[in-house]
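Asks: sequence and predicted structure are below.
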Amino acid sequence: MTAPASTPATTTPPQPFPKVFWHANVTELFERAAYYSVASFVVIYLGQLGLGKSWPSNLNGFLWFLVYFLPILSGTIADQVGFRRSLLVACGLLACGYVLMGSPVWFFGAVLNPAIGDEMVAPASTLAPILLGILLIGIGGSVVKPCISGTVQKSNVGRATLAFAIFYMVINIGSLVGRVVAYFVRGGPSNTAPTPESAARLSFIFAVGAVAALVAFATVALLYRDPDQAPGTPTKPKKSIGEILLGMVLVLKNRRFLLFLLVSSGFWFLYNQVYNVLPLYTKRTLEANPAMDLYTAANPLTIVVFQLLITRAFGKMKPIRSIVVGTVIIALSMVANLVPVLIAGGPRMVLADWIPIGSLFIMLTVALIAFGELFTSPRTFEWIGSLAPKGQEGLFLGYANLPMAIGSLIGGPVGAWIFNDVMARDAQKLDNGLLSLNPGSATTGWLILMGIGFASALSMWLYNVWLERQLAADRAASTSPAGS
C-alpha cells in the first residue's frame with residue numbers, strides 16, 4: 001500500500017505595498033532631487049555672490065544643521081496635524097526657499113562674479129533673501145524627513161526591511177536625477193572660464209530645485225493621503241513640544257549616549273566636507289568652472305551600485321566595528337587628494353584634454369566617502385537602539401540624527417578655516433584667477449582632515465572598550481547577591 005501523496009503547503013503571497021507607500025517615495029524622490037540639484041554648488045554660488053571666503057560655508061553648515069536637527073521638533077508637529085498637511089506646507093516652503101536663493105540674481109540685479117573673493121561685499125538686498133531662503137529650505141526639509149519615513153514605517157505591511165531599502169534607494173536615485181538635470185540646465189560641459197553672463201546660469205539650479213519641489217507638492221496634493229495605522233501596531237501617544245524637549249534632556253543626560261554623539265559626529269563632520277571643502281578646493285584651485293554636480297554624483301551612484309553587495313558581505317559585522325571601518329574609509333578618502341598634489345605636473349594637470357587629475361581624485365574621494373557611509377549610516381541606528389535603556393528605544397532613535405546635525409554645524413566654519421587658512425596659506429593667484437597652492441600647505445590641510453577621521457575612529461574604538469567595561473560592571477552588579 002502506497003502512502004498518500006502529501007499535499008503541498010500553501011504559501012500566502014506577500015502583500016503588496018499600498019499606494020500611499022509609492023506616493024510617499026515619489027514625493028521623496030522629487031524632494032531629494034530638489035535638494036541635491038543645488039547642494040554641490042551652495043558654497044560656490046554664495047561665494048560668487050560676494051559673501052566672502054568664510055560665510056558661504058558657515059551658512060551651508062547651518063542649512064544642513066537645520067535639516068538634521070529640526071526633525072526632532074517638526075516630526076512631532078507633523079504627528080499632530082497629519083502628514084499630508086505637513087508635506088504640503090513643507091513642499092511649499094521648499095519651493096519658496098529655492099526661489100529666494102535665486103532671487104538676488106533674478107530680481108535684484110546681483111551679479112555672480114566669475115571668481116570667489118575673500119571679503120564680504122554683498123549688500124542687504126542680497127543677504128536678506130539668501131538668509132530667508134536657507135531658513136525656509138531647512139524648515140521644509142526637516143518636515144519632509146519624518147513624514148516620509150513615518151509613512152514608510154506605517155505602510156510597510158510587515159516588510160520593513162524591504163520597504164526601507166526601497167526608500168533608501170529612492171533617496172539616492174532622486175539625488176542622481178537632481179544633479180544631472182542641474183548640470184544640463186546650468187549649461188552642460190564647459191572647459192572655458194566663466195564670464196559674468198555664463199556665471200549667471202549657475203543661479204538656474206535653484207529653478208530646478210523650485211520646480212522639483214513643486215512637483216513634490218503636486219504629488220502630495222493629488223495622490224498622497226495620510227497612511228492608516230498598520231493592523232496590530234500600537235498607536236503611539238502624541239507628544240507635545242515640551243515633552244519632546246524634556247525627552248532631549250533625558251537622552252542627553254545619558255552619559256553613554258552623549259559620548260556616542262560626540263565621537264560619531266567626526267564622521268559626519270568629514271561627510272559635510274563634500275559640500276564645503278571639496279567645492280571650494282575644486283573651484284578655487286583646479287577649475288574655474290567645475291562640474292561639482294557630476295563630481296559629487298559619485299556618492300549616490302556608488303551607493304546605488306554597491307549597497308546590496310556591502311550589506312550582504314559585511315551585514316553580520318558588529319555595528320561598532322562597522323562604524324569604525326566606515327570612519328577609517330572616510331579618513332583615507334581625504335588623504336587620497338595628496339596624490340595629485342605631490343606628483344609631477346600637480347593637481348591641475350589635465351588628463352586626455354578632459355579633466356584635471358585633481359578633479360578626478362575629488363570624484364574618487366566622494367566615492368570612497370559613499371563606501372564609508374554604507375558601513376556607518378545604517379549601523380548607527382542599530383547601535384543607538386542597543387544603547388537605549390529598555391523601553392526607551394524609540395525615544396533614543398528619535399535623536400539618531402544629532403551626530404549629523406553636530407557634524408554639519410561644526411563642519412561649515414571649521415571646513416572653511418581648513419581651506420582658507422591652512423590649504424590656501426601662501427597661495428599664489430594665477431592669471432586665470434585660480435590659486436596655486438603651496439604643496440606644504442595643501443598637504444597639511446588634507447592631513448588635518450585625515451587626522452580628524454582617524455581620531456574619530458580611534459575615539460569610537462576607545463568608547464566601545466569603555467562601554468563594554470561599563471556593561472560588564474552593570475551585569476556584575478545585577479547578579480551580585482544583595483548586601484554582598
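Replies: Perfect, I can see it now.

Asks: could you use CA atoms for every contact and neighbour count after this?
Replies: Will do.

Asks: quickly list what residue 350 is bridged to.
Replies: Under DSSP bridges, the beta-bridge partners of residue 350 are residue 356.

Asks: and it, how many neighbours?
Replies: Residues lying near residue 350 (other CA atoms under 10 Å) number 16.

Asks: would you map the helices across the stretch 151-300 of the chain?
Replies: For the stretch 151-300 of the chain, the helices identified by DSSP state H, counting those that start in this stretch occupy 160-185, 196-199, 204-222, 241-252, 255-272, 277-281, 292-296, 298-314, in order along the chain.

Asks: try the stretch 301-450 of the chain
Replies: Listed in chain order, the helices of the stretch 301-450 of the chain (DSSP H, counting those that start in this stretch) span 319-335, 338-342, 357-387, 393-397, 402-417, 439-479.

Asks: compare the mean pLDDT across the helices of the stretch 151-300 of the chain and name the weakest.
Replies: Among these, helix 196-199 carries the lowest mean pLDDT, a mean of 68.

Asks: nearest to residue 379, of the helices of the stretch 151-300 of the chain?
Replies: Comparing these by their distance to residue 379 (CA to CA), the top pick is helix 298-314, with 10.5 Å.

Asks: indicate which one of the helices of the stretch 301-450 of the chain is closest to residue 146.
Replies: Go through the helices of the stretch 301-450 of the chain one by one with CA to CA and the one that ends up closest to residue 146 is helix 393-397, at 12.2 Å.

Asks: where in the stretch 1-150 of the chain is pLDDT low?
Replies: Within the stretch 1-150 of the chain, the segments meeting pLDDT under 70 span 1-13.

Asks: can you give me the helices for it?
Replies: Listed in chain order (using DSSP H, counting those that start in this stretch), the helices of the stretch 1-150 of the chain are 19-39, 42-48, 55-69, 71-81, 83-106, 124-154.

Asks: so the protein: which segments form each domain?
Replies: Partitioning the chain according to automatic domain parsing yields domains covering residues 17-228, 251-472.

Asks: redo those domains as a markdown table? Include distance to residue 479.
Replies: Compiled in a markdown table, the domains of the chain are given as follows (distance: least, CA to CA, whole Å):
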| stretch | distance to residue 479 |
| --- | --- |
| domain 17-228 | 36 |
| domain 251-472 | 11 |
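
Asks: right, and these - which one's nearest residue 242?
Replies: Comparison of those against residue 242 by CA to CA identifies domain 17-228 as nearest, at 9.8 Å.

Asks: mind checking the end-to-end distance for that closest one?
Replies: Across domain 17-228, the straight-line distance between its terminal residues is 12 Å, by CA to CA, to the nearest Å.

Asks: ok, now stretch 102-120?
Replies: Stretch 102-120 has its terminal residues 18 Å apart, counting by CA to CA.

Asks: ditto for stretch 383-400
Replies: For stretch 383-400, the first-to-last residue distance is 10 Å (CA to CA).

Asks: before we move on, what about stretch 280-287?
Replies: Stretch 280-287 end-to-end distance (CA to CA) = 10 Å.

Asks: from the chain's centre, how far out does it sit?
Replies: 22 Å (CA atoms, centre = their mean, to the nearest Å).

Asks: re the thing from before, and the helices of the stretch 301-450 of the chain: which comes nearest residue 209?
Replies: When the helices of the stretch 301-450 of the chain are ranked by distance to residue 209, counting by CA to CA, first place goes to helix 402-417 at 21.1 Å.

Asks: angle of the closest one against helix 55-69?
Replies: For helix 402-417 and helix 55-69, the angle between their directions (axes from the mean of the first three to the mean of the last three CA atoms, to 10 degrees) works out to 180 degrees.

Asks: now what about helix 402-417, what contacts it?
Replies: Under the criterion CA atoms under 8 Å, 6 or more residues apart in numbering, residues 53-55, 57-62, 64-69, 261-262, 264-270, 272-273, 276-277 lie in contact with helix 402-417.

Asks: can I get the helices of the stretch 1-150 of the chain in CSV including distance to residue 454 and mean neighbour count?
Replies: Listed next are the helices of the stretch 1-150 of the chain as CSV, based on distance: least, CA to CA, whole Å; neighbours: other CA atoms under 10 Å:
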stretch, distance to residue 454, mean neighbour count
helix 19-39, 26, 25
helix 42-48, 26, 26
helix 55-69, 22, 24
helix 71-81, 30, 19
helix 83-106, 36, 23
helix 124-154, 30, 21
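
Asks: nearest to residue 214, of those?
Replies: Among these, helix 83-106 comes nearest to residue 214, with 6.2 Å by CA to CA.

Asks: what number of residues are in the vicinity of residue 14?
Replies: The local packing count at residue 14 equals 9, with neighbours defined by other CA under 10 Å.

Asks: and the gap between it and residue 64?
Replies: Spatial separation of residue 14 from residue 64 under the definition CA to CA is 38 Å.

Asks: likewise residue 116?
Replies: Following CA to CA, the distance that separates residue 116 from residue 64 is 22 Å.

Asks: again with residue 117
Replies: Counting by CA to CA, the gap from residue 117 to residue 64 is 24 Å.

Asks: repeat for residue 83
Replies: Shown here: residue 83 relative to residue 64, a distance of 22 Å by CA to CA.

Asks: ok, residue 449 next?
Replies: Using CA to CA, residue 449 is found at 19 Å from residue 64.

Asks: so residue 288 makes contact with residue 434?
Replies: Yes. With contact defined as CA atoms under 8 Å, residue 288 and residue 434 form a contacting pair (6.8 Å).

Asks: which other residues reach stretch 319-328?
Replies: With contacts defined as CA under 8 Å, 6+ apart, stretch 319-328 is touched by 267, 371-377, 379-380, 382-383, 453-454, 456-458, 460-461, 464.

Asks: repeat that for 6 Å
Replies: Residues from elsewhere that reach stretch 319-328 (CA atoms under 6 Å, 6 or more residues apart in numbering): 267, 372, 375, 376, 379, 454, 457.

Asks: tell me which two in those residues are the farthest apart.
Replies: Using CA to CA, the pair of those lying farthest apart is 379 and 454, separated by 18.7 Å.

Asks: nearest to residue 245, out of the domains of the chain?
Replies: Residue 245 sits nearest to domain 17-228 of all these, at 8.4 Å, using CA to CA.

Asks: contact partners for residue 208?
Replies: Counting by CA under 6 Å, 6+ apart, residue 208 makes contact with nothing.

Asks: from residue 274, how far out is it?
Replies: Remark: distance between residue 208 and residue 274 (CA to CA) = 21 Å.

Asks: now swap in residue 97 and tell me
Replies: From residue 97 over to residue 274 (counting by CA to CA), the distance is 22 Å.

Asks: just residue 353 next, same as before
Replies: With the distance defined as CA to CA, residue 353 ends up 25 Å from residue 274.

Asks: for residue 474, same thing?
Replies: When distance is defined by CA to CA, residue 474 is 41 Å away from residue 274.

Asks: nearest spatial neighbour of residue 348, chain-adjacent residues omitted?
Replies: Computed as CA to CA, 6 or more residues apart in numbering, the closest residue to residue 348 that is not its neighbour in sequence is residue 356, at 4.9 Å.

Asks: now residue 89
Replies: Taking CA to CA, 6+ apart as the measure, residue 89 lies nearest to residue 140, with 7.6 Å between them; neighbours along the chain are not counted.

Asks: over to residue 18?
Replies: In this structure, residue 18 finds its nearest non-sequential neighbour in residue 155, 6.6 Å apart by CA to CA, 6+ apart.
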